[in-house]
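**Q** Here is a sequence together with a model predicted from it:
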Amino acid sequence: MRVCPVRGEDRWSVHYHQVMESSLVLNVLVLLVSIATLLTSLLIARRQLRLAHNSNVLPIIIDMFKDTREPEFSRSIEYLLSEFIGQYPHEDGYLNLPPEPRHTYDG
């Protein structure tokens, strides 16, 4: 049986320790790769949730402003800014308007 001059161990024991050390290094590397993979998947999942939330909100916002793209809305704004302000004082408020303009506004 041969004995290692440095450690005083036989060669099988030295070989066993070398294999175990390399196995430990390999296990630590695999652990680091799995942690990196977990972090990457968490970041991607978070981004996907944010994109999904934004994609659900966008149709609602577009629907809210649908009326502003109609020609009738533009004509009503022009009427309010040019003629309506001069005919009816704003201090009176909506409830004190005559029936005709109130009906036009209520649509």
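**A** Cool, the structure landed.

**Q** So for the longest helix along the chain, mean pLDDT?
**A** Longest helix in the chain, counting residues (DSSP state H): helix 11-64. Mean pLDDT, computed over helix 11-64, is 85.

**Q** Stretch 82-101 now?
**A** For stretch 82-101, the mean pLDDT works out to 78.

**Q** now do the same end-to-end measure for it.
**A** Start-to-end span of stretch 82-101 (Cα to Cα, to the nearest Å) is 14 Å.

**Q** How far off centre is that stretch?
**A** The chain centre lies 45 Å from the centre of stretch 82-101; the measure is Cα atoms, centre = their mean, to the nearest Å.

**Q** And for stretch 46-56?
**A** Offset of stretch 46-56 from its chain centre (Cα atoms, centre = their mean): 4 Å.

**Q** before we move on, what about stretch 37-56?
**A** On Cα atoms, centre = their mean, the centre of stretch 37-56 falls 7 Å from that of its chain.

**Q** Stretch 66-85 now?
**A** With Cα atoms, centre = their mean, you get 36 Å for stretch 66-85.

**Q** centre of the chain versus the longest helix of the chain, how much separation?
**A** Its chain's C-alpha centre and that of helix 11-64 lie 20 Å apart, by Cα atoms, centre = their mean.

**Q** With only the CA atoms kept, save the helix or strand just after that helix in PDB.
**A** Remark: after helix 11-64, the chain's next helix or strand is helix 71-79, criterion DSSP states H and E. The C-alpha trace of helix 71-79 is given here as PDB (Å, rounded to 0.1, in the frame of the first residue of the first chain):
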ATOM      1  CA  PRO A  71     -67.300  65.000 -35.000                       C
ATOM      2  CA  GLU A  72     -70.400  65.800 -32.800                       C
ATOM      3  CA  PHE A  73     -68.100  66.200 -29.800                       C
ATOM      4  CA  SER A  74     -65.900  68.600 -31.600                       C
ATOM      5  CA  ARG A  75     -68.900  70.700 -32.700                       C
ATOM      6  CA  SER A  76     -70.200  70.700 -29.100                       C
ATOM      7  CA  ILE A  77     -66.900  72.000 -27.800                       C
ATOM      8  CA  GLU A  78     -66.800  74.700 -30.400                       C
ATOM      9  CA  TYR A  79     -70.400  75.700 -29.500                       C
END
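
**Q** Perfect, I'm done here.
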